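Asks: Pasting the sequence and the predicted model now:
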Amino acid sequence: MADIQSKSLLYFKGFLFLMLGAAAAGLLLAERPSFKVAGLLALSIWAFARTYYFAFYVIEHYIDSEFKFSGLGSLVSYLLRRGRRVSREPSADQSITKKSAAMPHPPAAEPSADRPAHAFQKKEFQGGQPGPNLLIVGGVHGDEFEAIAAMHRLIRRFQPLQQQRELKGSLTLVPVVNESAYWRGDRTGEDQLDLARTCPGREEGVETERVAFALSELIRSADFFIDLHSGGTTMAVVPMTGYVLHANADVREQQRRMASAFNLPIVWGASANLEGRSLSVARDANTPAIYAEFMGSGLCDSAGVAAYEEGCLNVMAMLGMLERELPVSRVQHVVEDPRPGAGHMQVCNPSPVSGFFTPNVNLGDEIQAGDLLGVVADLLGEQQTPALADQSGLVLVLRTFSRVLQGDCLGVILES
């Protein structure tokens, strides 16, 4: 059955479920009318409702951000897979302990009781003339480094008072939003929550929720927003900028102009229905926002650092914040895909089994649906399981970390 898109039909469906439950409860009470039966019935309804809430929300947001609920069958399948995985692998606590023990003691800037991890460090530059407030952040994931280095360059660029006087408006830079994840050298912090799936967060929640809350407050205070990423330690991404296909035509057009001005080869406008992201907070605040991706694989690509610095300056010039001539456009592909779920990279082309992944394509290749994306071998290399591409188009993202678990994303195909 196709997803229902009409809000009226969704409300009607919810109303039907309510009426069905009320009718069933009424018939049961008619059979055995007593306060005891009514109380037990109310308790059972409450308990089952909380169980269902746990299945479709709590697991994804508090336990495992890669789990996507699509029915009770998906929950049973997930629990069976998780049970087999836990029996084979060390616990998360053991992994964290081993990783922490191997790391040198971080410098004094590490989060402390005086400055908790969710109180991220930022630099603010107030220009000498009126103009917009631009927010740029990096380090939403702790294993993505180009953005951090690029913002270090921007901080040095705008430190001199003369540069600040020439700035129109204000610039806020947060090189590392997710400091807990950064010090672990991992995508997530100690609580294992993905910050890019946790926004707008909670002020009194666990650490990542508090980071998400603080980040969301900052986004709402901005006039424009840029979120810089890369492929982290496991993936590589063709240099690209992206935005959500905002319902407000003015916001949507400003985002298009920002993404084009950033001047990376790929521009991707995707579904506006994805939640939990920094861009979903900006969407709800009607704040024009873009994100960028540049390679990854755990490196700090010098070309990516330079491209990010230039891209941010280009956007500032487009917004009238700087006197700067815009360069010749390097944009090669512009794709807008409004389909629900478009832009959710982590669910694309999942690995059919756990094992050792060897790609059969290169980043940027044009391939067809059904082409061999790569093979996943067992640890002896004897059993080779093919992984076939789900779509036709350009290989936008490719896994570079060979160890894979069943369901891990092997790549993303940009359909044109």
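Replies: Arrived safely, thanks for sending.
Asks: Which of the residues in whichever strand or helix holds residue 152 are classified as buried?
Replies: In this assignment (DSSP states H and E), residue 152 forms part of helix 146-158. Using 16 or more other Cβ atoms under 10 Å as the test for burial, helix 146-158 gives 146, 147, 148, 149, 150, 151, 152, 153, 154, 158. The C-beta positions use only the backbone N, C-alpha and C, and glycine is treated the same way.
Asks: again, but for stretch 182-193
Replies: 182, 183, 184, 186, 187, 188, 189, 190, 191, 192, 193.
Asks: same thing with stretch 370-379?
Replies: Applying 16+ other Cβ under 10 Å to stretch 370-379 flags 373, 374, 375, 376, 377 as buried.
Asks: Mind putting the residues you listed into CSV with pLDDT?
Replies: Putting the buried residues of stretch 370-379 into CSV (pLDDT from 0 to 100) gives the following:
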residue, pLDDT
373, 97
374, 97
375, 98
376, 98
377, 98
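Asks: Which of the residues you listed fall within strands?
Replies: 373, 374, 375, 376, 377 (DSSP state E).
Asks: show me the contacts for the second one.
Replies: Under the criterion of Cβ atoms under 8 Å, 6 or more residues apart in numbering, the neighbours of residue 374 are 357, 358, 359, 360, 361, 387, 399, 410, 411.
Asks: beta partners of the nearest residue to the third one once chain neighbours are set aside?
Replies: Across the structure, with Cβ to Cβ, 6 or more residues apart in numbering as the measure, the residue nearest residue 359 apart from its sequence neighbours is residue 374 (4.1 Å). According to DSSP bridges, the partner residues bridging residue 374 are residue 359, residue 387.
Asks: hang on, the earlier thing: possible to save the contacts of residue 374 as JSON lines with neighbour count, pLDDT and distance to residue 312?
Replies: Listed next are those as JSON lines, based on neighbours: other Cβ atoms under 10 Å; pLDDT from 0 to 100; distance: Cβ to Cβ, whole Å:
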{"residue": "357", "neighbour count": "24", "pLDDT": "98", "distance to residue 312": "34"}
{"residue": "358", "neighbour count": "13", "pLDDT": "97", "distance to residue 312": "36"}
{"residue": "359", "neighbour count": "19", "pLDDT": "97", "distance to residue 312": "31"}
{"residue": "360", "neighbour count": "15", "pLDDT": "97", "distance to residue 312": "36"}
{"residue": "361", "neighbour count": "17", "pLDDT": "97", "distance to residue 312": "31"}
{"residue": "387", "neighbour count": "23", "pLDDT": "97", "distance to residue 312": "36"}
{"residue": "399", "neighbour count": "24", "pLDDT": "97", "distance to residue 312": "28"}
{"residue": "410", "neighbour count": "22", "pLDDT": "96", "distance to residue 312": "31"}
{"residue": "411", "neighbour count": "25", "pLDDT": "95", "distance to residue 312": "28"}
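Asks: Residue 139: which of these is nearest?
Replies: For those, the minimum distance to residue 139 (Cβ to Cβ) is 21.8 Å, reached by residue 399.
Asks: what's across from that closest one in the sheet?
Replies: Beta bridges link residue 399 to residue 235, judged by DSSP bridges.
Asks: circling back to that earlier point, farthest pair in the buried residues of stretch 370-379?
Replies: 373 and 377 (14.1 Å).
Asks: Out of the helices and strands in this protein, which is least certain?
Replies: Least confident helix or strand of the chain, by mean pLDDT, DSSP states H and E, is helix 92-102 with a mean of 36.
Asks: What lies in contact with the helix or strand following that helix?
Replies: Using DSSP H and E, the helix or strand that follows helix 92-102 in sequence is strand 123-126. For strand 123-126, contacts defined as Cβ under 8 Å, 6+ apart pick out 155, 158, 164, 167, 170, 171, 172, 173.
Asks: Then stretch 298-308?
Replies: Applying Cβ under 8 Å, 6+ apart, the external contacts of stretch 298-308 come out as 143, 145-150, 153, 228, 230, 232-233, 239, 263-264, 292, 294-295.
Asks: how about stretch 314-332: buried residues?
Replies: 314, 315, 316, 317, 318, 319, 321, 322, 331.
Asks: Show residues contacting the helix holding residue 152.
Replies: 123, 125, 136-139, 163-164, 167, 171, 173-176, 228-230, 292, 294-295, 300-301, 304-306, 308-309, 312-313.
Asks: ok, so of the contacts of residue 374, who is nearest residue 51?
Replies: residue 410 (33.1 Å).
Asks: and the closest one, what is it in contact with?
Replies: So residue 410 contacts 349, 350, 351, 357, 359, 373, 374, 387, 398, 399, 404 (Cβ under 8 Å, 6+ apart).
Asks: ok, for the fourth one, nearest residue in space, not its chain neighbours?
Replies: Just to be clear, that refers to residue 357. Closest residue in space to residue 357, ignoring its immediate chain neighbours: residue 404 at 4.6 Å, by Cβ to Cβ, 6+ apart.
Asks: same deal with the second one?
Replies: Closest residue in space to residue 350, ignoring its immediate chain neighbours: residue 407 at 4.7 Å, by Cβ to Cβ, 6+ apart.
Asks: How is this structure divided into domains?
Replies: 12-88, 123-336, 346-414 (automatic domain parsing).
Asks: Compute the first-to-last residue distance for the second one.
Replies: Start-to-end span of domain 123-336 (Cα to Cα, to the nearest Å) is 34 Å.
Asks: For burial, what's the neighbour tally of residue 33?
Replies: 9 (other Cβ atoms under 10 Å).
Asks: so it, which of the three states?
Replies: coil (DSSP: H, G, I helix; E, B strand; the rest coil).
Asks: pLDDT value on it, please?
Replies: We have a pLDDT of 85 for residue 33.
Asks: centre of the chain versus the longest strand anywhere in the chain, how much separation?
Replies: In the chain, taking DSSP E as the definition, the longest strand is strand 129-137. Distance, stretch centre to chain centre, for strand 129-137: 23 Å (Cα atoms, centre = their mean, to the nearest Å).
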